[in-house]
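Asker: Coordinates only, no sequence provided:
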Ligand SMILES: [Fe+2]
Ligand SMILES: [Fe+2]
């Protein structure tokens, strides 16, 4: 592929600035938290003015993915337990839900499965705030939605190429676009004001060894992505055998027996999250 073509495709993707529209309250809350003295009560009040959104957030935070199933009764309670970064990620994911379901069959389930696995892995590795890992997992393949929803012709070329050459979706994106959804994620994450740890995990989940600042989170998402594909839970765009970077297991200090334990827990929880829709 010529450099010219690569640059023009990149431009096309980066032009999709309004994708997807996020709820108005998110903007208001973002302004509010610029003041570090803002209370969680004040933030909760703003979010609660959007009742549809609040109901979606409560449904999501009460799923087994975040470790408090059925125990979170209000937005304020959710903010205190999970923090605003997690709530912001959840609002983004529920806002793209319709688009994701229409654009790529199985990608929502793949994302839910990855979030579930991230939470299990982060807990097992002893990391603090496993909910933030879960949100990184929930958002890790969002870049695929941009191409699929906004550039359907290029998306068709990518999927045709997957079939014809038996490639991974990621490799096919690189063939057709000149780069993968990990690069699109980096741009999206910035555009949406996600925190740097979640942004880096989203943009490094295929090459966690290259993560600069938040290697553990990038490694957790990488391993979770691998495991959820192994389970064949949902679909992330191809049915090639996934690869697992040994560096990721070393970073987490995981042995094969740890992976077995994680998979046992996944088997239980995936059943419970499989019907989580909005
Ligand atoms: Fe990916
Ligand atoms: Fe994935």
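Answerer: Received the coordinates, thanks. What you see is a predicted model; the values in this text were computed from it and never measured. Ligands and ions are numbered 1, 2, ... in the order given.

Asker: At the contact with ligand 2, which residues of the stretch 101-250 of the chain appear?
Answerer: Listed as neighbours of ligand 2 in the stretch 101-250 of the chain under the rule Cβ under 5 Å from the ion: 141, 225, 236. Quick note: C-beta positions are derived from backbone N, CA and C, even for glycine.

Asker: Counting neighbours, which of those comes out on top?
Answerer: residue 141 (28 neighbours; other Cβ atoms under 10 Å).

Asker: which residues touch that residue?
Answerer: Shown in contact with residue 141 (Cβ atoms under 8 Å, 6 or more residues apart in numbering): 107, 110-111, 114, 181, 236.

Asker: Do you know the pLDDT at it?
Answerer: In this model, residue 141 is scored at 97, pLDDT.

Asker: before we move on, back to that, as a markdown table, the residues of the stretch 101-250 of the chain next to ligand 2 with secondary structure would be great.
Answerer: Formatted as a markdown table, these follow (DSSP: H, G, I helix; E, B strand; the rest coil):
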| residue | secondary structure |
| --- | --- |
| 141 | coil |
| 225 | helix |
| 236 | coil |
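
Asker: Among those, which one lies nearest to residue 275?
Answerer: Proximity of those to residue 275 (Cβ to Cβ) peaks at residue 236, which lies at 19.1 Å.

Asker: pLDDT averaged over the helix ranked longest in the chain - what is it?
Answerer: Longest helix in the chain, counting residues (DSSP state H): helix 84-103. For helix 84-103, mean pLDDT rounds to 92.

Asker: helices or strands next to it in the packing?
Answerer: Counting contacts by 3 or more Cβ pairs under 8 Å, 6 or more residues apart in numbering; DSSP states H and E, helix 84-103 packs against helix 24-32, helix 40-48, helix 51-61, helix 75-82, helix 107-124, helix 130-139, helix 142-150.

Asker: what angle sits between that helix and helix 40-48?
Answerer: 20 degrees (axes from the mean of the first three to the mean of the last three Cα atoms, to 10 degrees).
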